[in-house]
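> sequence and predicted structure, then a few things I'm wondering about:
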Amino acid sequence: MDCIFCKIISGALGTELLAENEQAVAFADINPQAKTHILVVPRQHTVNISELENDTVLLGLFSLIREVSAQFTDGQFRLQFNAGEREGQSVFHTHAHILSQSGN
Ligand code: 5GP
Ligand code: ZN
């Protein structure tokens, strides 16, 4: 499958992972929109959060979001999921943006 985030997760692109668990990985956004801009991405390919129905994956994803936001921000941050091209989604593999004006 021609999915850039699946390639990152597989290690094919050599992207540094900031954190990971069984269900999800986290890495820095290549084009940061805030001082801290981290993407948290389920290992399993789904197109967007609307299609992510697996409770185990959801729990792992949100667990990693909590861990990364605690480690890389001061506790103040924004969490964003884009679903659909019209609403700004450009990579069609589910991902959460963690955005913060703080950095650790
Ligand atoms: P979306 O617009 O789909 O919600 O967000 C996709 C995000 O992925 C964008 O913020 C974009 O900068 C980031 N991105 C796209 N390609 C790559 C890549 O190859 N590596 C990394 N680290 N981020 C990427
Ligand atoms: Zn994918």
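Right, received. Where do you want to start? Ligands and ions are numbered 1, 2, ... in the order given.
> so which residues of this protein form helices?
Under the criterion DSSP state H, the chain contains helices at 4-10, 55-72.
> any idea how far the residue lying farthest from the centre of the chain is from residue 15?
Distance from the C-alpha centroid of the chain, by C-alpha atoms, centre = their mean, peaks at residue 86 (19.6 Å). Using C-beta to C-beta, to the nearest Å, residue 86 is found at 28 Å from residue 15. The way it works is simple: take the backbone N, C-alpha and C, and place the C-beta from them, glycine included.
> show me what contacts the closest residue to residue 41 other than its chain neighbours?
The shortest distance from residue 41 to any non-neighbouring residue, by C-beta to C-beta, 6 or more residues apart in numbering, is to residue 95 (4.6 Å). Residues in contact with residue 95 (C-beta atoms under 8 Å, 6 or more residues apart in numbering) are 5, 39-41, 81.
> mean confidence for stretch 97-104?
In this model, stretch 97-104 has an average pLDDT of 90.
> can you list contacts of that stretch?
In contact with stretch 97-104 (C-beta under 8 Å, 6+ apart) are residues 29, 33-40, 65, 68-69, 71-74, 76-82.
> likewise stretch 56-71?
Contacts for stretch 56-71 (C-beta under 8 Å, 6+ apart): 18-26, 38, 40, 42, 44, 46, 52, 75, 77, 79, 94, 96, 98, 100, 104.
> so is it next to ligand 1?
No - Stretch 56-71 lies out of reach of ligand 1 by C-beta under 6 Å from any ligand atom, never closer than 13.9 Å.
> is that stretch in proximity to ligand 2?
No - Stretch 56-71 lies out of reach of ligand 2 by C-beta under 5 Å from the ion, never closer than 12.8 Å.
> before we move on, what about stretch 28-47?
Yes - judged by C-beta under 5 Å from the ion, stretch 28-47 comes into contact with ligand 2 through residue 45.
> please see if that stretch touches ligand 1.
Yes - using C-beta under 6 Å from any ligand atom, stretch 28-47 comes into contact with ligand 1 via 28-31, 39.
> give me the mean pLDDT for the longest strand anywhere in the chain.
Looking across the chain with DSSP state E, the single longest strand is strand 36-42. For strand 36-42, mean pLDDT rounds to 98.
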